[in-house]
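Novice: here's a sequence, model it:
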Amino acid sequence: METLCSPVNGNVIKLEKVNDEMFAQKMLGDGIAVVPSEDDFVSPIDGEVTLIYETQHAIAIKTECDTEVLIHIGIDTMNLEGKPFSTKVHVGDKVKKGDLLTNINWAMILTKGLEKVVPIIILNKKVKLINDTEDVEVKVGDPILNIE
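Specialist: You can find the predicted model right below:
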């Protein structure tokens, strides 16, 4: 079993609460979402960066146990053409939990009327939330879900 940690300070919410049907209905997989209180995002788990969307709004990491993690920064942020993102990693980079992945200009995202929420999806395995309470405050590195 692997444990996914929070990539940012903020509040965790259940995926079902995300205002996007694809995430709320778990079409890509199960997971959790974080409403961040800061701009820097770190790796929530050890692994290799396998995908960075051209628009920098999503980053995928694969662990040594073949767990595929997708971090989707904001909702509908792909339409911003990468402008609010400053990604610090590249595809093929090995990352450790806590390594800086990207910096986000949330002010720019909010001025476009988009939501400040980050779904974190496990694409290929089942998960179990560590804390079942709604709107729980977390700090970087706090365990937020177990991957089975």
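Novice: which helix or strand contains the closest residue to residue 59 other than its chain neighbours?
Specialist: Excluding its sequence neighbours, the residue lying closest to residue 59 (Cβ to Cβ, 6 or more residues apart in numbering) is residue 71, at 4.9 Å. Glycine gets a C-beta too; all of them are placed from N, C-alpha and C. Taking DSSP states H and E as the definition, residue 71 sits inside strand 68-72.
Novice: count the neighbours of the closest residue in space to residue 90 that isn't next to it in sequence for me.
Specialist: Of all residues not flanking residue 90 in the chain, residue 49 sits nearest, at 6.7 Å (Cβ to Cβ, 6+ apart). Around residue 49 there are 20 other residues, counting by other Cβ atoms under 10 Å.
Novice: what's across from residue 49 in the sheet?
Specialist: Per DSSP bridges, the residues bridged to residue 49 are residue 61.
Novice: from residue 58, how far off is it?
Specialist: Distance of residue 49 to residue 58, computed by Cβ to Cβ, to the nearest Å: 11 Å.
Novice: got it, and residue 91?
Specialist: According to Cβ to Cβ, residue 91 and residue 58 sit 12 Å apart.
Novice: list the neighbouring strands of the strand holding residue 71 plus their orientation.
Specialist: Paired neighbours of strand 68-72 in the sheet (DSSP bridges): strand 58-62 (antiparallel), strand 118-122 (antiparallel).
Novice: can you pull out the strands in the protein?
Specialist: Taking DSSP state E, the strands of the chain run over residues 2-5, 10-14, 30-36, 40-42, 47-52, 58-62, 68-72, 85-87, 94-95, 100-104, 118-122, 127-129, 136-138, 143-147.
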